[in-house]
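Asker: got a predicted structure plus its sequence, pasted below:
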Amino acid sequence: MATFAERLDEALRHKGWSARQAEREMHRTRPDLAITHSYISGLRKGKHTNPSTEVVTALAELFRVPVSWLLGENPAPPQLSEEDQRRQRDVREGLAALGVQNIAERMVGLSPLSLEAIEKMVEAMRAAEQLDNSPDDQ
């Protein structure tokens with residue numbers, strides 16, 4: 001199980017932020033919470049080990065990760081490439097356009113492999129029902 005310091009370090013590296021940049025973002029999004037870059041750095045290095053619930057929650061919101069992940073309690077959320085994110089968006093938009101919004105919403109977070117499987121199933125169903133045949137093919 002990962003530690004809070006390890007997960008905070010991972011979140012900062014993923015964003016490409018220093019502790020100072022995280023402090024600026026925190027002040028922008030949570031001006032009510034006084035948190036310094038030196039405190040964030042101390043948390044990242046494991047020097048500060050008992051952050052308040054408010055700080056943990058604010059950091060999780062800042063990095064858009066579950067509090068449980070930041071605390072090291074479950075595996076890291078999948079990191080999709082830009083191409084995979086684009087494909088996921090395209091599939092969701094296509095499904096939404098077909099009137100299956102609920103299915104499109106439930107696809108959020110699926111891996112690229114799962115999205116590809118869904119795409120293949122839909123294509124197989126369309127072929128089985130001969131929905132893509134032109135009038136000349138029939």
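Answerer: Looks like it came in fine. Numbering: from 1, shown residues only.
Asker: tell me the contacts of residue 81?
Answerer: Taking C-beta atoms under 8 Å, 6 or more residues apart in numbering, we find residue 81 in contact with residue 112. The C-beta positions use only the backbone N, C-alpha and C, and glycine is treated the same way.
Asker: from residue 69, how far off is it?
Answerer: Relative to residue 69, residue 81 is positioned 20 Å away (criterion: C-beta to C-beta, to the nearest Å).
Asker: phi, psi for residue 84 please.
Answerer: Phi and psi for residue 84, reported as degrees, to the nearest 10, are phi -70, psi -40.
Asker: what do you get for residue 16?
Answerer: Main-chain dihedrals, residue 16, degrees, to the nearest 10: phi 80, psi 30.
Asker: where does pLDDT dip in this protein?
Answerer: 75-80, 99-105, 133-138 (pLDDT under 70).
Asker: burial of residue 70, as a residue count?
Answerer: 22 (other C-beta atoms under 10 Å).
Asker: residue 33 and residue 52 touch, don't they?
Answerer: No. With contact defined as C-beta atoms under 8 Å, residue 33 does not reach residue 52; the gap is 9.5 Å.
Asker: more neighbours: the two, which one.
Answerer: Using other C-beta under 10 Å, the more surrounded residue of residue 33 and residue 52 is residue 33, with 15 against 10.
Asker: contacts only, for the residue nearest to that one when sequence neighbours are not counted.
Answerer: Nearest residue to residue 33, sequence neighbours excluded (C-beta to C-beta, 6 or more residues apart in numbering): residue 58, at 5.3 Å. The contact partners of residue 58, taken as C-beta under 8 Å, 6+ apart, are 26, 29-30, 33, 35.
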